[in-house]
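> This is the structure alone, sequence omitted:
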């Protein structure tokens, strides 16, 4: 298992969020070098801990820089990934080195993902190992309009405690980051020390995010 380095190392991350409200997230980023990206907000930073305090993004991904989008040919895709800065990012962002166990997350079919993983394992020579059921790194391939993929990585080594209060959920539960985003949009109208009631609370996500955003005197949920 690898220990992440969350401060003092330069990284470029992508904060995935609702595409209609990317500006809300960008305004919450404390770094100057933050800009709107088609998939969310792109940030250059050397302090991941600060970004972990923002509640309105869904996932944090590390950007992989390749020579263009990832090919629809599995073997070529693996070569593009290995020739990119992917492995260097893994080394810089963790205290320990090899091997890194990973899985591929993509809308591509299983045959493509399997061929790509086998080719990448061969190129990595044991430095990275595909392990779909026991992994720390997720290589995410987001499809583009022309059939290729935009690559990025999610680190399971970084513990996300933003929504640790949420012990249970049901199929209709709102995602906590979406609840936090809605509260942020409504923030100009919220009052401190108010009484709050959520008459159809579900598991209470909206109510808790409201209280975290602006202190409340009493909260009721039914």
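The structure has been received and is ready for your questions. Remember, it's a predicted structure, so these values are computed and weren't measured experimentally.
> Could you give me the buried positions within the longest helix seen in the chain?
The residue-count maximum for a helix in the chain (DSSP state H) belongs to helix 110-124. Within helix 110-124, the residues that qualify as buried by neighbour count (16 or more other CB atoms under 10 Å) are 112-113, 115-117, 119-121, 123-124. The C-beta positions use only the backbone N, C-alpha and C, and glycine is treated the same way.
> next one: stretch 135-155
Buried, per 16+ other CB under 10 Å, within stretch 135-155: 135-142, 148-155.
> swap in stretch 73-83?
For stretch 73-83, by 16+ other CB under 10 Å, it's 74, 77-82.
> Could you give the average pLDDT over it?
Mean pLDDT, stretch 73-83: 96.
> Renumber starting at 7 from here on
Got it, the first residue is 7 from now on, which makes the last one we talked about stretch 79-89.
> in the chain, which spans are helices?
28-34, 54-57, 80-89, 92-98, 116-130, 182-192, 211-219.
> Can you list the neighbours in contact with the last one?
For helix 211-219, the surrounding residues in contact (CB atoms under 8 Å, 6 or more residues apart in numbering) are 61, 171-172, 175, 179-180, 182, 185-186, 188-190, 193, 196, 202, 204, 207, 222, 225, 227.
> at 6 Å what do you get?
Residues outside helix 211-219 that contact it (CB atoms under 6 Å, 6 or more residues apart in numbering) are 171, 180, 182, 185-186, 189, 204, 207, 225, 227.
> Looking at the residues you listed, which one is closest to residue 53?
residue 186 (20.4 Å; CB to CB).
> ok, residue 36 - contacts?
residue 56.
> ok, residue 46 touching residue 23?
Yes - Residue 46 lies in contact with residue 23 (CB atoms under 6 Å); the separation is 4.7 Å.
> give me the number of residues near the closest residue in space to residue 145 that isn't next to it in sequence?
Nearest residue to residue 145, sequence neighbours excluded (CB to CB, 6 or more residues apart in numbering): residue 110, at 5.1 Å. Using other CB atoms under 10 Å, the number of residues around residue 110 comes to 23.
> Same check on residue 179?
Neighbourhood size, residue 179 [other CB under 10 Å]: 15.
> mind listing what it touches?
Residue 179 neighbours (CB under 6 Å, 6+ apart): 208-209.
> My understanding was that residue 203 contacts residue 226; is that so?
Yes - counting by CB under 6 Å, residue 226 is a contact partner of residue 203 at 4.4 Å.
> And for residue 35, the neighbour number?
Other residues close to residue 35 by other CB under 10 Å number 19.
> Report how many residues lie close to residue 201.
The local packing of residue 201 (other CB under 10 Å) involves 10 other residues.
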